[in-house]
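Chemist: Quick one: sequence plus predicted model below, questions after.
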Amino acid sequence: MSVSQLSPATTDLAALARRIRCHVLDMTKRAKSSHVGSSFSMAELLAVLYARTLRVDPTNTEWEDRDRFILSKGHGCAGLYAVLAERGFFPVEWLDTFYLNGSRLAGHATTTVPGVEISTGSLGHGLSVGTGMALAAKRDGRNHRVFVMLSDGECDEGSIWEPALFAPQHKLDNLVVIVDYNKIQSLGTVKEVMDLEPFADKWRAFRWNVREIDGHDLAQVEDALSSVPFERDRPSCIIAHTVKGKGVSFMEHQLLWHYRTPQGDEYDAALAELGGRP
Amino acid sequence: MRSAFMDELTRLARLDDRITLVTGDLGFGVVVKFSEEMPKQFVNAGVAEQHMTGLAAGLALSGKIALTYSIANFPVVRCLEQIRNDVCYHDANVKIVAVGGGMAYGSLGMTHHATEDLAIMRAMPNLVVVAPNDPVEAALATRAVIEHNGPCYLRLGRQGEQRVYDTPPDFVLGKAIRVREGKDLTIAVTGGLLQNALQAATQLANDGLTTRVLSMHTLKPFDRDAVIDAARDTNAVFTLEEHSIVGGLGGAVAETLLESDVRPRVFRRLGLPGEKFSSKVGDQDYLRREFGLDAESIANTIRTTLQ
């Protein structure tokens, strides 16, 4: 196995999460793009995944036995690109080109970026593709795992529940769903628009082994991600209770920050709350 | 065509364990033998075509040659975005197989008539689109799409069509087959109507008209040269498809000719009008007659048009 060693800096998970948020803030400001809140809500999840959990090799993205990570909520790609750059998949400077004309870094997760497994952007696609990868791994006797990050609003898509039925039927315990349950979707709160509750019970009823965690508590995130599969022969579902816009007080729990781009005083204030440029 | 496909697929799957057949819970009596003999190369995705297609993309991106299999529109239109994003964008090695192309499932009604699929699939980047004309072509097309490294759409007919070819023709994706030679007109045909085209050509011969018949089994990549040569040599081109005349073979030929420097005196698309859905009820042969796609109607339309 040829996994590269983590740099000392990335072993500090809180610092990594903070750098992810700072990159996202800079990227979206420069690009005048949106979805800041969607990246902020999963910063700790991405930090633990890429610094601890995923068996990946930034120098060999085609390594057959690598773990697969699929960002099915492709609109959160700024966070994903940031952690991939931090992890050494490509130069951090590339982040400066996010969204801009001629860039490799599109506004939804795209495979032109080293380390991105699947291009996403239309919701409800990633879990079926991940299920295919997990099934292939089982049939080929390989030990790698497949992690799929869903948004809560994405779970309105019927195409989430098709693979949700399939994976337990085929005992895909190498498949892990992580739901970034930040409670806000496009036009309102999840509760107002399309209440998912009882959410954990839904996944349990589909025969997944479910664990609910605070998605910003690094110890809980690390514990959950290091414990998969939670049960032999069953897929695992981690429902991560998160806060949209987490890390910047005036963005937290605000639907506006699904769309708004941080400029001027707002950018300065946000950067200050994040502790300044890393 | 269905048996020709399954027989050839089974033969190839025995030789290459990457080949994985994914069904959307259809194929009763068709896929059972395959699934029992090669269970590790078979998946039933359930009645869930979006999942079937995304799953196949995931298998293909893990090194498999994945085939999705269902009837008529189900593996195509129901899951079109999975085809576009998951399969085609990623150039995933997935073969989308639809049985019952055209009006093969006649009396089952419009939900089971695949009559816009070729136009839709022809618009997909990265996708090879193949609609064989008889069981012989179906077997050859099956092998060709599996050997092609990339996404393909294979549109098959039903069970029990007559063989048109006595011996297998040279079959190359993207190369038309000149099945009959003639100098007065050309019939370009795809997706199962080759037999009707040949019978129409025989009837026209009684009127002293000789007909070139081209099997356009591949709609993408499209054999532009065969079409341009036909227009130049015969000066009258008729397209024939069990499909809307919008955007399928007729559209492909029209696009080709208008962008070339060859203008046939006559060009006419034969197929379904495509303006409205039909509510006609009947079997495939009945519906073909109703839409002027039987040999007699084809010959009559050509006679009238050429007058």
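Modeler: That came in fine, so what should we check first? Residues are numbered from 1 along each chain as shown, chains lettered A, B, ... in the order given.
Chemist: any idea how far residue A:203 is from residue A:160?
Modeler: For residue A:160, the distance to residue A:203 equals 10 Å [CB to CB, to the nearest Å]. The C-beta positions use only the backbone N, C-alpha and C, and glycine is treated the same way.
Chemist: So which residues of the chain form strands?
Modeler: Since you didn't name a chain, this refers to chain A. Here chain A has its strands, by DSSP state E, at A:68-71, A:146-151, A:175-181, A:184-185, A:188-189, A:209-214, A:236-241.
Chemist: Wait, chain B was what I had in mind.
Modeler: B:19-23, B:42-44, B:65-71, B:94-99, B:128-130, B:152-155, B:177-180, B:185-190, B:211-215, B:218-220, B:236-244, B:266-272.
Chemist: Could I get the contacting residues of the closest residue to residue A:61 other than its chain neighbours?
Modeler: Once flanking residues are discounted, residue A:61 sits nearest to residue A:114: 5.4 Å by CB to CB, 6 or more residues apart in numbering or on different chains. Residues in contact with residue A:114 (CB atoms under 8 Å, 6 or more residues apart in numbering or on different chains) are A:58, A:61, A:84, A:89, A:90.
Chemist: go again using 6 Å as the cut-off
Modeler: Residue A:114 makes contacts with A:61, A:89, A:90, as judged by CB atoms under 6 Å, 6 or more residues apart in numbering or on different chains.
Chemist: burial measure for residue 103, as a count.
Modeler: In the absence of a named chain, chain A is used. 16 (other CB atoms under 10 Å in any protein chain shown).
Chemist: ah, no, chain B please
Modeler: The number of residues packed near residue B:103 is 32, by other CB under 10 Å.
Chemist: Hmm, residue B:284 and it touching each other?
Modeler: Yes: the criterion here is CB atoms under 6 Å, and residue B:103 meets it with residue B:284 at 5.2 Å.
Chemist: Find me whatever residue is spatially closest to the residue in the stretch 1-150 of chain A that chain B sits nearest to, sequence neighbours aside.
Modeler: Residue of the stretch 1-150 of chain A nearest chain B, by CB to the nearest CB: residue A:132 (2.1 Å). Distance criterion CB to CB, 6+ apart; nearest residue to residue A:132, sequence neighbours excluded, is residue B:58 at 2.1 Å.
Chemist: Against residue A:261, how distant is residue B:17?
Modeler: 51 Å.
Chemist: again but with residue B:236, I slipped
Modeler: Counting by CB to CB - residue B:236 and residue A:261 are separated by 60 Å.
Chemist: Compare those two and say which is more crowded by neighbours.
Modeler: residue B:236 (21 against 16).
Chemist: For chain B, which residues are neighbours of chain A?
Modeler: Taking CB under 6 Å from any CB of the partner chain as the test, the list of chain B residues beside chain A reads B:40, B:48, B:50-51, B:54-55, B:57-59, B:62, B:64, B:81, B:85-86, B:89.
Chemist: Which of those residues fall within helices?
Modeler: Judged by DSSP state H, helices contain the following of these: B:50, B:51, B:54, B:55, B:57, B:58, B:59, B:81.
Chemist: on that earlier part again, ok, the residue nearest to residue A:132 touching residue A:129?
Modeler: Yes: because the distance of 4.1 Å satisfies CB under 6 Å, residue B:58 is recorded as touching residue A:129.
Chemist: Quick check on the two: which one has the bigger neighbour count.
Modeler: residue A:129 (36 against 33).
Chemist: Could I get the contacting residues of the more buried one?
Modeler: Residue A:129 touches A:118, B:54, B:57, B:58, B:86, counting by CB under 6 Å, 6+ apart.
Chemist: let's see 10 Å
Modeler: A:68, A:70, A:72, A:117-120, A:146, A:148, A:163, B:51, B:53-62, B:82, B:85-87, B:90, B:92 (CB atoms under 10 Å, 6 or more residues apart in numbering or on different chains).
Chemist: and residue A:110, how many residues sit next to it?
Modeler: By other CB under 10 Å, the residues close to residue A:110 number 18.
Chemist: Let me see the contact set for it.
Modeler: When contacts are counted by CB under 10 Å, 6+ apart, residue A:110 touches A:74, A:77, A:81, A:104, A:116, A:118, A:119, A:120, A:121, B:89.
Chemist: Let's see that with 7 Å instead.
Modeler: A:116, A:119 (CB atoms under 7 Å, 6 or more residues apart in numbering or on different chains).
Chemist: What of residue A:76?
Modeler: Counted by CB under 7 Å, 6+ apart, residue A:76 has contacts A:35, A:38, A:39, A:42.
Chemist: circling back to that earlier point, can you tell me which of the contacts of residue A:114 has the most neighbours?
Modeler: residue A:89 (20 neighbours).
Chemist: give me phi/psi at that one?
Modeler: With angles defined as degrees, to the nearest 10, residue A:89 sits at phi -70, psi -30.
Chemist: What score does it have for pLDDT?
Modeler: Note on residue A:89: pLDDT of 98.
Chemist: can you check the one 10 residues further on too?
Modeler: Residue A:99 carries a pLDDT score of 93 in this model.
Chemist: Throw together a ChimeraX command that grabs the buried residues out of the residues of chain B next to chain A.
Modeler: Command for ChimeraX, covering only those of the residues of chain B next to chain A found buried under the criterion 16 or more other CB atoms under 10 Å in any protein chain shown:
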select /B:48,50,51,54,55,57,58,59,62,64,85,86,89
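Chemist: Which two among the residues of chain B next to chain A are spaced furthest apart?
Modeler: B:40 and B:81 (29.1 Å; CB to CB).
Chemist: ok so, going back, looking at the strands of chain A, which is nearest to residue B:273?
Modeler: Closest approach to residue B:273 among the strands of chain A (CB to CB): strand A:184-185, 42.7 Å.
Chemist: roughly how far is that closest one from the heart of the chain?
Modeler: 16 Å (CA atoms, centre = their mean, to the nearest Å).
Chemist: Parallel or antiparallel, list what pairs with it.
Modeler: If you go by DSSP bridges, strand A:184-185 pairs up with strand A:188-189 (antiparallel).
Chemist: pLDDT averaged over the strand it pairs with - what is it?
Modeler: Strand A:188-189 carries an average pLDDT of 96.
Chemist: Looking at the contacts of residue A:114, which one is closest to residue B:129?
Modeler: residue A:61 (31.1 Å).
Chemist: so that closest one makes contact with residue A:113?
Modeler: No: in this structure, residue A:61 is not within contact of residue A:113 by CB atoms under 7 Å, at 10.0 Å.
Chemist: what does chain A put close to chain B?
Modeler: A:111, A:119, A:122, A:125, A:128-133, A:135-137, A:139, A:159, A:162-163, A:165-166 (CB under 7 Å from any CB of the partner chain).
Chemist: By proximity to chain A, which residue of chain B wins?
Modeler: Closest point on chain B to chain A, by CB to the nearest CB, is residue B:58, at 2.1 Å.
Chemist: Who are the contact partners of residue A:193?
Modeler: Residue A:193 is in contact with A:185, A:187, counting by CB under 7 Å, 6+ apart.
Chemist: Distance of it relative to chain B?
Modeler: The spacing between residue A:193 and chain B, counted by CB to the nearest CB, to the nearest Å, is 22 Å.
Chemist: Tell me who's in contact with the residue nearest to residue A:68 when sequence neighbours are not counted.
Modeler: Take residue A:68 and drop its neighbours on the chain: the residue closest to it by CB to CB, 6+ apart is residue A:146, 4.5 Å away. For residue A:146, the contact set (CB under 7 Å, 6+ apart) comprises A:68, A:130, A:133, A:134, A:174, A:175.
Chemist: Repeat that for residue B:213.
Modeler: With CB under 7 Å, 6+ apart, residue B:213 has these contacts: B:179, B:180, B:187, B:189, B:197, B:198, B:201.
Chemist: burial of residue B:225, as a residue count?
Modeler: Around residue B:225 there are 12 residues (other CB under 10 Å).
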